[in-house]
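Trainee: Take this sequence and fold it.
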Amino acid sequence: MKLDHGEILRKETELDTPKIVRFLIGNPLIMKEMAKHIPDTGSYAPVTISGDEGLDGVNLPYDKMVSLLDPYGNPDALAIALYLDSKIKNFLRESAM
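Mentor: Residues are numbered from 1 along each chain as shown. Prediction:
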């Protein structure tokens, strides 16, 4: 899913900037596996990636799933979260090429 946060700001200023987009991406099957161990996973998945175009280029910050689930202390869920984080990192790296 794509949400254009910049559009709200552009309407106010009638300029072409800022360009800020929020993406919700993920595989429901991976979320299901984490939810077996931590039901609250639905609060964090799908993963949110924010994209903004600045003077230094495009920034794509996101919260790593492992950091969101770490406080629950469930090693099985954390292993899945690490896998998901690596998939997101690879996706972003490949998308930038």
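Trainee: Can you list the low-confidence ranges for this protein?
Mentor: 97 (pLDDT under 70).
Trainee: Do a quick rundown of the strands in it.
Mentor: For the chain, the strands defined by DSSP state E occupy 2-4, 19-25, 47-54, 57-59.
Trainee: helices or strands up against the third one?
Mentor: Right, the one you point to is strand 47-54. strand 19-25, strand 57-59, helix 75-96 (3 or more C-beta pairs under 8 Å, 6 or more residues apart in numbering; DSSP states H and E). Placement of C-beta: from N, CA and C, glycine included.
Trainee: for these, which one sits closest to Pro39?
Mentor: helix 75-96 (10.2 Å; C-beta to C-beta).
Trainee: Out of the strands of the chain, flag the one nearest Ala77.
Mentor: Using C-beta to C-beta, the strands of the chain put strand 47-54 closest to Ala77, at 14.7 Å.
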